[in-house]
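Q: I would like to see how this sequence folds:
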Amino acid sequence: MPGRHLETVLSTTPVPAPSGAPVPPATPPATPSEDHTVRGALRRPAVLRREVVAGLVVALALIPEAISFSIIAGVDPRVGLFASFTMAVSIAFLGGRPAMISAATGAVALVIAPVMRDHGLEYLLATVVLGGLIQVALGLAGVARMMRFIPRSVMVGFVNALAILIFLAQLPYLVDVPFLVYPMVAVGILVMVWLPRITTAVPGPLVAIVVLTGAALLAGWELPDVGDEGDLPDTLPFLLLPDVPLTLETLQIIAPYALAMALVGLLESLLTAKLVDDITDTHSDKTREAWGQGGANIITGFFGGMGGCAMIGQTMINVKVSGARTRISTFSAGVLLLVLVVGFGDVVARIPMAALVAVMIMVAVGTFDWHSVAPATLRRMPRSETTVMVSTVVVVVATHNLAIGVAVGVLVAMTLFARRVAHLATTHRELVEDADGEVHARYTVTGELFFASSNDLYTQFEYAEDPERVVIDLSASHVWDASTVASLDAIVTKYERKGKSVEIRGLDEHSTHMHDRLTGQLSGH
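A: Numbering: from 1, shown residues only. Presented below is the predicted three-dimensional model:
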């Protein structure tokens, strides 16, 4: 744009110094790409200040969520807070997406909660470490490239199911409690709804917690608070080894939950990384992010944390609201979180549970994709897409396992897609007279031929009525798998039994290679 070009020229053209005055050395301005690097931020105070302030805002917003996710997992608040600290600091060095925030999350908390309930904290920590090892293995194996096979409808179902589970996890804190809890929750929700319309300088959840905590302390109300859930940390986290027997029985206990945690964590992290790529118009190393998440979870498990993954909400605060672009913001968020918790733990312990319930209800409401269930959207959306989304949500809510729900959603999507594509393969029959007056049947096959469509191909030929010579033209189709070759062999065999000859023509290079390699080799007779 001409205006932007003129602004650049004016800002980079040195202004002549007065006669006799020394000319200071010119400092070239940082380019946008330099602002996105740690080195560039350290050389520019304004950029460094932006990154640190962004980290502070994220740290303030992380405290209530980390405590709430700890409660969902059934662990002391210190376990979730330590996890948020170690995850954020570790991923700042190991991750492949700068400025993305990783910490304790509701998705991971929901997956590992049964381990804590049935076996205790030591088994939970072992689960986190094993989950991290699985993530490292999957990352090195290139699992990030598999993300393109997850349909959008599964993604929507995943997000909606996560929101529902987070909401359901709050219900126990609304049953058999003092009546004052209900208006406290309502006020907290109102603060978070209305404050962003006035200012976005301070996170709404933090203001709601401060207001409700202050009101409870000043009025002397006896309400369930965070201190009732467990002791907050007053020291730094330290290295430890999970005290579990190294036996096959232990592996059988923790392996299913570790695998689910690894898959859920990678799914949510890679989805968040893609979102940040789109917002910042930059690319990230998804493979590094995958094994980096694993490394961060291993470190977190050995420091007594509950594990975690990327946080969509906190990442949006960091990148979209605060404008952070480098790893400095992620590192600052982790360090400042620990400073706030260890230095002001007594205050955090007095936070009413009603405030955290209000926060998590708003997290659930904000996470749910309301547009996906709007009547206008459902009318326009193909039924197969809605079926996939609903299947994902139902399975996740029924099993409380996000990984199983996503797997079922992908299978349903694949089945419906194969069923839909199978009907696109058609055959057209015509009788053609040769130059010598001999008549033959020519079948023109159109569409993609694979296991779903080729199984019906066998029934689309007039074996008894066709003349002695038959031509099957595949120039408008493609042979994808062995099922199609087997179907073609079966067609040829049936014609030959009737004393008729078959010529298959029009195969492209790949189809020819597939057919020549497998034809006649797929029957056991």
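
Q: Give me the buried stretch members for whatever helix or strand residue 70 lives in, please.
A: When elements are defined using DSSP states H and E, residue 70 is found to belong to helix 45-73. Buried residues in helix 45-73, defined by neighbour count with 16 or more other CB atoms under 10 Å: 47-48, 50-52, 54-73. Every C-beta, even on glycine, is put in place using the N, C-alpha and C of the backbone.

Q: Show the subsequent helix or strand relative to it.
A: Beyond helix 45-73 in the direction of the C-terminus, DSSP H and E gives the next helix or strand as helix 77-94.

Q: any idea of the mean pLDDT for that next one?
A: Averaging the model's pLDDT scores along helix 77-94 yields 94.

Q: For that helix, name the packing helices and strands.
A: In this structure, helix 77-94 packs against helix 45-73, strand 102-103, helix 286-302, helix 327-343, with contacts taken as 3 or more CB pairs under 8 Å, 6 or more residues apart in numbering; DSSP states H and E.

Q: List just the one of these that sits closest to residue 428.
A: helix 286-302 (44.6 Å; CB to CB).

Q: Check which element follows that closest one along the chain.
A: Next in line after helix 286-302, if elements are assigned by DSSP H and E, sits strand 309-310.

Q: Residue 175: which of the helices and strands packed on helix 77-94 is closest?
A: Between residue 175 and the helices and strands packed on helix 77-94, the shortest separation by CB to CB is 14.6 Å, and it involves helix 45-73.

Q: Run through the strands of this protein in chain order.
A: Assigned strands in the chain, in chain order: 102-103, 309-310, 426-433, 439-449, 469-479, 501-505 (criterion: DSSP state E).

Q: Out of these, which is the most enclosed?
A: Compared across the strands of the chain, strand 102-103 shows the largest average neighbour count, a mean of 34 (mean count of other CB atoms under 10 Å).

Q: Show me what that one packs onto, helices and strands only.
A: helix 45-73, helix 77-94, helix 327-343.

Q: gap between the shortest one and the chain center?
A: This means helix 327-343. The gap between the average C-alpha position of helix 327-343 and the chain average comes to 24 Å, counting by CA atoms, centre = their mean, to the nearest Å.

Q: for it, packing partners?
A: Under the contact criterion of 3+ CB pairs under 8 Å, 6+ apart, helix 327-343 touches helix 38-42, helix 45-73, helix 77-94, strand 102-103.

Q: Repeat the analysis, applying 6 Å as the threshold.
A: Where contact means 3 or more CB pairs under 6 Å, 6 or more residues apart in numbering; DSSP states H and E, helix 327-343 is packed against helix 38-42, helix 45-73, helix 77-94.

Q: Out of the strands of the chain, which gets nearest to residue 143?
A: Go through the strands of the chain one by one with CB to CB and the one that ends up closest to residue 143 is strand 309-310, at 13.9 Å.

Q: so what's residue 328 up against?
A: When contacts are counted by CB atoms under 6 Å, 6 or more residues apart in numbering, residue 328 touches 38, 41, 51.

Q: in terms of contact, does the first one touch residue 329 like I think?
A: So that's residue 38. No. With contact defined as CB atoms under 6 Å, residue 38 does not count as touching residue 329 (10.3 Å).

Q: out of the two, which sits in the busier spot?
A: Higher neighbour count among residue 38 and residue 329: residue 329, with 29 against 15, using other CB atoms under 10 Å.

Q: Tell me which residues touch the more buried one, please.
A: In this structure, residue 329 makes contact with 51, 54, 55, 99, 318, judged by CB under 6 Å, 6+ apart.

Q: Give me the nearest residue to the third one, chain neighbours excluded.
A: Nearest non-adjacent residue to residue 55, counting by CB to CB, 6 or more residues apart in numbering: residue 332, 2.6 Å away.
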